[in-house]
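Student: Can you look at this prediction? I've put the sequence above it.
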Amino acid sequence: MAERLLHPDTPELRERWGGFAWTEANAKAAAAAIAKYPEGRQQSAVIPLLDLAQRQVGEETGTQGWLPIPVQEFIARELKMPPVAVTEVATFYTMFNLAPVGKFHVQVCGTTPCMLRGSDDVLSACYKRGLKKGHTTKDGLFTLTEVECLGVCANAPMVQINDDNFEDLTEASMGAILDALAEGKQPKPGPQIERQTSAPEGGPTTLKKMAERNYDYRGQW
Amino acid sequence: MPKVTVDGVEIEVPQGATVLQACELAGKEIPRFCYHERLSIAGNCRMCLVEVAPGPPKPQASCALPAADGQTIKTDTAMVKKAREGVMEFLLINHPLDCPICDQGGECDLQDQAMAYGRSYSRYDENKRAVEDKYMGPVIKTSMTRCIQCTRCIRFADEVAGTPEIGMLYRGEDSQITSYLERALTSELSGNLADICPVGALLQRPQSFESRPWELRKVPAIDVMDAVGSNIRLDVRQRQVMRILPRTNDAVNEEWIHDKTRHHVDALVRNRLDRPWIRENGKLRAATWNEALEAFAKQLKSAGKKVAAIAGDLLDAETMYAAKKLLAGQGSKLLEGRQTGLDYDVSSLSALRFNTPIADLENADAILLVGSNPRWEAPLVNTRLRKAARKGAKVFAIGPVADLAFPVTWLGDDLKLIGKLPKEAADAIAKAERPVMIVGPGALGKGALGAALKASGPFIKTGWNGFNTLHISAARMAGLILGYAQKGGIADIEAAKPELVLLLGADEVPDGKFDKAFKVYVGHHGDKGAKQADLVLPAAAWSEKHGTYVNIEGRVQRGERATFPPGDAREDWTIFRAVSDLTGKPLPFDRFDQLRAAMVADHPELGTDGVIDWKWSAPKLDAKAEGPVGYAIKDFYLTNAICRASPTMQRCSEELVHGQSFLEAAE
């Protein structure tokens, strides 16, 4: 896993993000998230609030968003919890970005199943387009991160770009996705080969009749 | 009460005990790192594994497992041994082998337990992980590569100190303990972090690389930095006290002490008075004892009855008693210990002490603070109040808003409020079963004792007395017993126009008093008192004499001598004894034990250890109190002559009270 470090706390950062406050819509969403927990247990809403804040930062900066320290402190104030406890949560979960990212956050899974199925090819497609692990491209479009298992092993290799998964990749299909994103198009998320979600390639291999109608197999059991 | 069998021995354990506690009751030693009796249970070090049946057929973490009836616990099987060896091997994978240069070496839990429960070899030959050191403030030095992530420090900061500023960032192998943004910890209890750290990750910064635990002689003593009387241990090497550690006393300080207690130790060898000085033509010149004592005796003779003694804050009872006897020989009773001008009524000492035992404070369910900032005036009382607050006690306070590390409802700073509390506070106190009022030195200074006593009705019930007066001077209670109090306070002494004033380590007397008198300073540090004196007699600091101390509860405790005074300095009472010979009225004691026996004969309550049994009686006083109340301590780290001479305390004051940043300078 790539090393994650808190972005340094500088006066410029404080100036830029010190006045962070919810937008009207997010204020409602935050209140709804907090209301899910009983009185005195509002701290439980820290994960939804961090996510919300990251998305709002993303909207404000035209990127995928991240969690500057003043924003984390804002959430600590919202939930009346010690700032360090918010930072503990934000640094624990890799879904929270601790440093600015690009418009597209490309998270390539490099854990064993994906590696065996060719995540190195996926990475090399990224490298060829100038992406570098842990860095954002100069145009601000892509940030490449290698992550641990994202739980889509049946469709390995896979990447997560922003909120979408792209699965069953090859070097070519990964390249096509990146190119499409760079051109401003929206590539189709999910498996990049003929396959319905994680069903077998080329149609079902068992219970084939179920594909046509609601066939009753019970007599054969 | 569940009955469990530990290694074949059946014992009964209290309801709610854990398996680890059951094993301890059975006399079995269970190794542990994360478990600490006074902190919540984390269960993350896995060192306390034992075999428990019924249950899954694998080792279980005993610290987090409740003991249940009929359990069979085994702590000495092959499985347990192998499991502990395995855990130890994992812990040591990333722990550096720098014990020879580590300050924890010799008193390190990891070192000891690796010897007792580990293998003698490692199978790990990869690179070890290294972690950057973190800044945690002026008293804690970190060496984070040594950290084993037990999280005791996080729990201590959160639960005991009430300053949740430490956390574990990142995850897995990258986990790092740090203070928030590497800022200095704002807790006055942060020195305890080094005590609870089971490895050498958190260390005492002022004492780094100074001594080894096995070369230190350990002397029991009583803390004089505040009036709580924390039990401490002085670690002495040759002629110097190297460090101060807490001794466990559940009735007083549990096992914590605050940073002032712990780190003023470097001042015991700094700025000391080590020879007598005589003022000639406005300037002090060094003198011999003979000259100094002759001068002292001459002034005593000429002053006759017009002699006064003012006791400082750090004095033991014996010193005050010897001085009192010296004055009695002159026919004077002009004794006063309240240097800053307090003049509360002293007719009933039971109204001037903590009637609630300190240990019982944590059971209080409603607390009213009057002109008291216990976090600075008595940090170890504050930890008890904090415990009560965590259990749900409502805390109300009259005084300027301050951070007490627990939630407080601030009622305002007008003393009139004592008589007419807002409805919310009055209701909470009326409903409470164990209400507590603490009258602080701020309120005493404003003459609010009478008003507080008048309002004390709801706080006193059968079997519970919640009226407490908080002092900040370690010498106060003993001083009041010995009669170091005039009706009008120090003003009465001034009015008596003494010709000779004996300043017994009294450094807080405001300038300009007793200008006409010949001032003799008997003390140990060159501070405000010595500066204004006409004759300076070097005496022993608290660590250099045996002494009896009475804390705010009226608890009599004794400390022992750890070292000898530096240079020509000598114990205070020997000075009085010597000068009494020269004036021709020799004091009736030649040895310390005779002095103590004489004191106990006059004041039998000082003869037995433990809380003095004073019957509760409230004197009828003027109950009028109004106007804003403040706090007595302006700077926690610089409250007496010793602290002011301590570089560590100076630095703490600059950094933690005045907010100066040392991060760059220190690293």
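Tutor: Ah, there it is. Numbers count the residues shown, from 1 in each chain, chains lettered A, B, ... in the order given.
Student: got the phi/psi numbers for B:Ser348?
Tutor: phi -130, psi 110 (degrees, to the nearest 10).
Student: Distance-wise, check B:Leu91 relative to chain A.
Tutor: Going from B:Leu91 to chain A by Cβ to the nearest Cβ, to the nearest Å gives 21 Å. (Each C-beta comes from the backbone N, C-alpha and C, glycine too.)
Student: give the contact list for the nearest residue to that residue once chain neighbours are set aside.
Tutor: Leaving aside its sequence neighbours, B:Leu91 sits nearest to B:Ile148 (Cβ to Cβ, 6 or more residues apart in numbering or on different chains; 5.3 Å). Residues near B:Ile148 by Cβ atoms under 8 Å, 6 or more residues apart in numbering or on different chains: B:Phe33, B:Cys45, B:Leu91, B:His95, B:Leu110, B:Pro198, B:Val199, B:Ala201.
Student: residue contacts, the closest residue to the fifth one other than its chain neighbours?
Tutor: In space, B:Leu110 comes closest to B:Val199 once its chain neighbours are excluded; the distance is 4.7 Å by Cβ to Cβ, 6+ apart. The neighbours of B:Val199, taking Cβ under 8 Å, 6+ apart as the test, are B:Phe33, B:His95, B:Gln104, B:Cys108, B:Asp109, B:Leu110, B:Arg146, B:Cys147, B:Ile148.
Student: My guess is the second one contacts B:Arg146. True?
Tutor: Yes. Under the contact definition of Cβ atoms under 8 Å, B:His95 touches B:Arg146, with a separation of 6.2 Å.
Student: distance of the residue nearest to B:Gln532 when sequence neighbours are not counted from B:Ala26?
Tutor: Excluding the flanking residues, the one nearest B:Gln532 by Cβ to Cβ, 6+ apart is B:Lys519, at 6.2 Å. Counting by Cβ to Cβ, to the nearest Å, the gap from B:Lys519 to B:Ala26 is 63 Å.
Student: Have a look at those two and say which one is more surrounded.
Tutor: B:Lys519 (24 against 18; other Cβ atoms under 10 Å in any protein chain shown).
Student: is it true that the more buried one touches B:Leu535?
Tutor: Yes. Counting by Cβ under 8 Å, B:Leu535 is a contact partner of B:Lys519 at 7.4 Å.
Student: and of the contacts of B:Ile148, the nearest to chain A?
Tutor: Within the contacts of B:Ile148, proximity to chain A (Cβ to the nearest Cβ) peaks at B:Ala201, which comes in at 17.2 Å.
Student: For the closest one, which non-adjacent residue is spatially closest?
Tutor: B:Cys147 (3.9 Å).
Student: Which pLDDT value goes with the one you found?
Tutor: Here the pLDDT value assigned to B:Cys147 is 95.
Student: which residues sit in contact with it?
Tutor: Shown in contact with B:Cys147 (Cβ under 8 Å, 6+ apart): B:Val131, B:Gln176, B:Ile177, B:Val199, B:Ala201.
Student: most surrounded residue in those residues?
Tutor: That'd be B:Ala201 among the contacts of B:Cys147, by other Cβ under 10 Å, with 28 neighbours.
Student: All the strands of chain A, residue numbers only.
Tutor: A:104-109, A:142-147, A:159-161, A:164-167, A:190-191 (DSSP state E).
Student: which parts of the stretch 201-350 of chain B sit against chain A?
Tutor: Proximity of the stretch 201-350 of chain B to chain A, by Cβ under 8 Å from any Cβ of the partner chain, involves no residues.
Student: circling back to that earlier point, any chance you could read off phi and psi for the residue nearest to B:Gln532?
Tutor: phi -100, psi 120.
Student: Also B:Glu280?
Tutor: Torsion angles, degrees, to the nearest 10, at B:Glu280: phi -130, psi 130.
Student: How much space separates it from chain A?
Tutor: For B:Glu280, the distance to chain A - Cβ to the nearest Cβ - is 57 Å.
Student: if I pick B:Glu215, what's in contact with it?
Tutor: Contacts of B:Glu215 (Cβ under 8 Å, 6+ apart): B:Arg237.
Student: pLDDT weak spots in chain A?
Tutor: Along chain A, the model assigns pLDDT under 70 to residues A:1-3.
Student: sorry, back to before: comparing the strands of chain A, which comes out most buried?
Tutor: strand A:104-109 (a mean of 25; mean count of other Cβ atoms under 10 Å in any protein chain shown).
Student: contacting residues around A:Leu141?
Tutor: By Cβ under 8 Å, 6+ apart, the neighbours of A:Leu141 are A:Gly102, A:Lys103, A:Phe104, A:Leu181, A:Ala182.
Student: related to what we said a few turns ago, and of the strands of chain A, who's closest to chain B?
Tutor: strand A:142-147 (12.7 Å).
Student: who touches B:Leu293 in this structure?
Tutor: With Cβ under 8 Å, 6+ apart, B:Leu293 has these contacts: B:Ile575, B:Ala578, B:Val579, B:Leu582.
Student: ok, the residues you listed vs chain A, which is closest?
Tutor: The closest of the contacts of B:Leu293, once distances to chain A are taken by Cβ to the nearest Cβ, is B:Ile575, at 52.2 Å.
Student: Look at that closest one and give its secondary structure.
Tutor: What DSSP: H, G, I helix; E, B strand; the rest coil gives for B:Ile575 is helix.
Student: State the pLDDT value of the nearest residue to it once chain neighbours are set aside.
Tutor: Leaving aside its sequence neighbours, B:Ile575 sits nearest to B:Leu537 (Cβ to Cβ, 6+ apart; 5.4 Å). The model reports B:Leu537 with a pLDDT of 96.
Student: Okay, and the beta partners of B:Leu537?
Tutor: Beta-bridge partners for B:Leu537, by DSSP bridges, are B:Val522.
Student: For it, grab the count of nearby residues.
Tutor: Neighbour count for B:Leu537, taken as other Cβ under 10 Å: 31.
Student: again with B:Ala68
Tutor: With other Cβ under 10 Å as criterion, B:Ala68 counts 16.
Student: what about it, which SS state?
Tutor: For B:Ala68, the assignment made with three-state DSSP gives coil.
Student: wait, it sits on B:Lys3?
Tutor: No. With contact defined as Cβ under 8 Å, B:Ala68 does not reach B:Lys3; the gap is 9.7 Å.
Student: Pop the domain breakdown of chain A in here.
Tutor: A:11-92, A:104-191 (automatic domain parsing).
Student: Rebuild these as CSV, extending it with distance to B:Thr639.
Tutor: CSV is the format used below for the domains of chain A (distance: least, Cβ to Cβ, whole Å):
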stretch, distance to B:Thr639
domain A:11-92, 29
domain A:104-191, 51
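Student: out of these, nearest to B:Ala495?
Tutor: Smallest distance to B:Ala495 across the domains of chain A (Cβ to Cβ): 53.4 Å, for domain A:11-92.
Student: what's the offset of the closest one from the middle of its chain?
Tutor: Centroid separation for domain A:11-92 versus its chain: 17 Å, with Cα atoms, centre = their mean, to the nearest Å.
Student: Are that domain and chain B in contact anywhere?
Tutor: Yes. Domain A:11-92 reaches chain B (Cβ under 8 Å from any Cβ) through A:Ile69, A:Pro82, A:Pro83, A:Val84, A:Ala85, A:Thr87, A:Glu88, A:Thr91, A:Phe92.
Student: what's the span of that domain from first residue to last?
Tutor: 25 Å (Cα to Cα, to the nearest Å).
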